[in-house]
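A.B. asks: fold the stuff below for me.
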Amino acid sequence: MANELILIVEDNEKNRKLARDILQVKGYRTIEAETAETGLEMAPKENPDLVLMDIQLPGMNGIQALKKLRANEATRAIPVLAFTASVMPQDRREIMDAGFDGFVAKPVNLKEFIAAIAKALGSHPAGDG
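C.D. replies: Below you'll find the model as predicted:
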């Protein structure tokens, strides 16, 4: 499908640029926030199709931000993927138990990243027919 709008909430500039570049090459539109607080301000205004949320953020963390997104009627239904280097099984379980719609590990595996985005958006990966 592509052309969907994805909000990238990531404090690390290199990770944000990598995610943006991959998504834009695949035909997605992107907007970005460096903090959870900024992402929470942007989400109801921009109404993204998906939020890619880092977990370890300055100030409010990604799990706290997810709870706020889910509590807001305007953003409750937006799928949110955890975007994190916390890949130990207990971390993954805690993240998924918090209510994320999926999990994308850092460092990024291109194929897994695109597949997770497509799955969260309910579409096939761009370029896969």
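
A.B. asks: strands of this structure, residue ranges please.
C.D. replies: 5-9, 29-33, 50-54, 80-84, 102-105 (DSSP state E).

A.B. asks: any idea how far the fourth one is from the middle of the chain?
C.D. replies: Distance of strand 80-84 from its chain centroid, counting by Cα atoms, centre = their mean, to the nearest Å, is 5 Å.

A.B. asks: quick one: Thr38 from Ala118, how far?
C.D. replies: Thr38 sits 26 Å away from Ala118, going by Cβ to Cβ, to the nearest Å. The way it works is simple: take the backbone N, C-alpha and C, and place the C-beta from them, glycine included.

A.B. asks: and those two? Which one has more around it.
C.D. replies: With neighbours defined as other Cβ atoms under 10 Å, Thr38 and Ala118 compare such that Ala118 has more, 21 against 15.

A.B. asks: and the nearest residue to Ala33 once chain neighbours are set aside, how far from Asp97?
C.D. replies: Spatially, and ignoring its direct neighbours in sequence, Ala33 is nearest to Gly39 (3.8 Å; Cβ to Cβ, 6 or more residues apart in numbering). Distance of Gly39 to Asp97, computed by Cβ to Cβ: 21 Å.

A.B. asks: pick out whichever of those two has more residues nearby.
C.D. replies: Shown here are Gly39 and Asp97; by other Cβ under 10 Å, Gly39 has more neighbours (30 against 9).

A.B. asks: hmm, Asp54 and that one touching each other?
C.D. replies: No. The criterion here is Cβ atoms under 8 Å, and Gly39 misses it with Asp54 at 9.3 Å.

A.B. asks: any common contacting residues for the two?
C.D. replies: Residues touching both Gly39 and Asp54 (Cβ atoms under 8 Å, 6 or more residues apart in numbering) are Val9.
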